[in-house]
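K.L.:
Could you work out the structure for the sequence below:
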Amino acid sequence: MKKLVAVLALILAWGVKSRAQDKAPLRLVQTVSFAGVSRHWDHMGADVQGNRLFATSEEDAVLEVLDLHTNKKIQTITGLKGPHNVLPFPQMNKIFVTDGEGSELKIYNYKTLQLVAHTPLSIDADPIVYDPATKYFYIVNGGRAAHTPYCLISVVDSVTGKKLEDIKLDTNRLESMALEKSSQRLFVNMATANAIGVVDRQKRALIATWPITAGVENVPMQYDESTHRLFVATRKPSRLVVVNTDTGKEVTSLPTADSVDDLAYDPVLHRLYVPGGNLGGAVGAVTVIQQKDADHYEVLANIPTKPGARNALLVPELNKYYVSTSTKAPQAAEILVFDVVP
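P.N.:
Sure, this is the predicted structure:
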């Protein structure tokens with residue numbers, strides 16, 4: 001009788017655990033291992049039309065290309081010095097990569113992946129956003145690596161590849177940006193100043209700064225233009241900060257995973273995905289936050305990953321979330337593939 005009760009208890013516990021796992025907002029479905037290779041991953045880019053995932057490795061200076069359906073490696077692109085961001089544009093037949101140590105924007109042929117052009121910039125070219133109305137890129141470069149007390153946001157014409165102008169901001173570290181389509185505003189994380197900078201894209205000048213008080217070292221950023229809410233992740237302490245872009249004031253903040261370097265917002269499910277994990281730490285996780293309305297948010301789950309897993313990419317067209325795990329030898333680098341669970 002006791003044995004039967006124990007078995008029934010185990011079955012019940014397994015059922016509860018299974019239901020809890022089923023309700024998790026992310027479900028791990030595959031681990032892609034790069035055997036014998038260590039990587040210090042940075043950002044990723046998805047080419048849904050061409051069925052490719054691009055992952056930059058800044059210290060190893062390569063661009064890995066994977067098949068989006070099988071997640072198998074297609075090619076490793078070399079000849080870079082420190083790639084950070086990658087943006088595929090099939091309609092232009094181009095792929096754009098910010099090469100930080102190379103001090104330039106590299107332009108590749110969309111189909112052949114051959115380097116076809118480059119736009120000179122300052123060292124540490126990294127964050128990049130695209131304005132579809134003008135077909136201009138805004139690219140952060142310079143600052144700490146250039147040993148200057150200021151950074152540049154370079155305006156580059158994506159059609160011609162020509163740099164049009166540099167917007168100078170008097171701070172030596174700029175991070176992620178977000179573009180407001182309904183106005184001329186461009187938001188940028190001023191990490192050293194612990195503030196958000198507001199740039200007028202038409203005037204090409206800084207017009208306001210909004211202080212961040214919930215934490216310091218504000219790095220990744222996303223924007224929900226429908227609610228006029230800007231999302232910023234800080235590292236010390238690790239928090240998601242919500243800012244009202246009508247007032248420039250903080251609305252709320254929530255705890256997240258550590259050492260976050262990427263941030264994704266899903267406007268359909270109204271969720272935020274915040275990946276974190278120090279390379280030398282013991283754990284890694286993705287904090288999933290539900291947006292209830294413009295001013296109210298709730299942590300749904302902290303999904304376990306691995307140390308060094310602080311870069312990720314949401315591909316809503318496929319309901320997939322990719323998390324890259326930076327490693328040190330002899331541990332092999334990985335990319336974790338999750339299904340997004342509504």
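K.L.:
show me where pLDDT drops low in the stretch 201-342 of the chain?
P.N.:
Within the stretch 201-342 of the chain, the segments meeting pLDDT under 70 span 329-330.
K.L.:
So which residues of it form strands?
P.N.:
205-211, 216-224, 229-236, 238-244, 249-255, 264-266, 271-276, 285-293, 296-304, 311-315, 320-325, 333-340 (DSSP state E, counting those that start in this stretch).
K.L.:
Wasn't residue 145 part of a helix?
P.N.:
Yes: counting by DSSP: H, G, I helix; E, B strand; the rest coil, residue 145 is part of a helix.
K.L.:
related to what we said a few turns ago, tabulate the strands of the stretch 201-342 of the chain in CSV, adding columns for distance to residue 160 and mean neighbour count.
P.N.:
Where you see a C-beta, it was placed from the backbone N, CA and C, and this is true even at glycine. As requested, the strands of the stretch 201-342 of the chain are arranged in CSV below (distance: least, C-beta to C-beta, whole Å; neighbours: other C-beta atoms under 10 Å):
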stretch, distance to residue 160, mean neighbour count
strand 205-211, 23, 15
strand 216-224, 27, 21
strand 229-236, 31, 23
strand 238-244, 35, 22
strand 249-255, 40, 16
strand 264-266, 31, 19
strand 271-276, 35, 26
strand 285-293, 39, 20
strand 296-304, 42, 16
strand 311-315, 28, 23
strand 320-325, 32, 26
strand 333-340, 34, 22
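K.L.:
Residue 45: which of the ones you listed is closest?
P.N.:
Shortest distance between residue 45 and those, using C-beta to C-beta, is found for strand 311-315: 7.2 Å.
K.L.:
Quickly run through the sheet partners of the closest one, with directions.
P.N.:
strand 320-325 (antiparallel) (DSSP bridges).
K.L.:
which residues in the stretch 1-150 of the chain form strands?
P.N.:
Along the stretch 1-150 of the chain, the segments classed as strands by DSSP E, counting those that start in this stretch run 26-34, 41-47, 52-57, 62-67, 73-77, 83-89, 94-99, 104-109, 115-120, 128-131, 136-142.
K.L.:
Please report the distance of residue 64 from residue 146.
P.N.:
Distance of residue 64 to residue 146, computed by C-beta to C-beta, to the nearest Å: 28 Å.
K.L.:
hang on, I meant residue 334
P.N.:
Separation of residue 334 from residue 146 (C-beta to C-beta) stands at 33 Å.
K.L.:
so what's the closest residue to residue 209 other than its chain neighbours scoring on pLDDT?
P.N.:
Counting by C-beta to C-beta, 6 or more residues apart in numbering, residue 195 is the residue found nearest to residue 209 once chain neighbours are left out, at 4.7 Å. Note on residue 195: pLDDT of 98.
K.L.:
Hmm, residue 212 and residue 195 touching each other?
P.N.:
Yes: look at residue 195 against residue 212 with C-beta atoms under 8 Å: they come within range, at 6.0 Å.
K.L.:
do you know how far the residue lying closest to residue 249 once chain neighbours are set aside is from residue 220?
P.N.:
Leaving aside its chain neighbours, residue 249 sits nearest to residue 243 (7.0 Å; criterion: C-beta to C-beta, 6+ apart). Here the criterion is C-beta to C-beta. By it, residue 243 lies 13 Å from residue 220.
K.L.:
Identify the contacts common to these two.
P.N.:
Taking C-beta atoms under 8 Å, 6 or more residues apart in numbering as the criterion, residue 243 and residue 220 both touch residue 232.
K.L.:
what number of residues lie near residue 203?
P.N.:
Residue 203: 10 surrounding residues under other C-beta atoms under 10 Å.
K.L.:
residue contacts, it?
P.N.:
Per C-beta under 8 Å, 6+ apart, neighbours of residue 203: residue 184.
K.L.:
ok, back up a step: quick one, which of residue 195 and residue 212 is more surrounded?
P.N.:
Neighbour totals were compared for residue 195 and residue 212, and residue 212 leads with 22 against 19 (other C-beta under 10 Å).
K.L.:
can you pull the contacts of the more buried one?
P.N.:
194-196, 218, 232, 234, 241, 243, 250.
K.L.:
What is the neighbour count of residue 147?
P.N.:
Residues contacting residue 147 under the criterion other C-beta under 10 Å number 9.
K.L.:
typo on my end, residue 47
P.N.:
Residue 47, neighbours per other C-beta under 10 Å, totals 19.
K.L.:
My read is that residue 238 contacts residue 260, right?
P.N.:
Yes: counting by C-beta under 8 Å, residue 260 is a contact partner of residue 238 at 6.4 Å.
K.L.:
any common contacting residues for the two?
P.N.:
By C-beta under 8 Å, 6+ apart, residue 238 and residue 260 have these common neighbours: residue 276.
K.L.:
just to revisit the earlier point, ok, the residue nearest to residue 249 touching residue 233?
P.N.:
No: taking contacts as C-beta under 8 Å, residue 243 lies outside contact range of residue 233: 11.8 Å.
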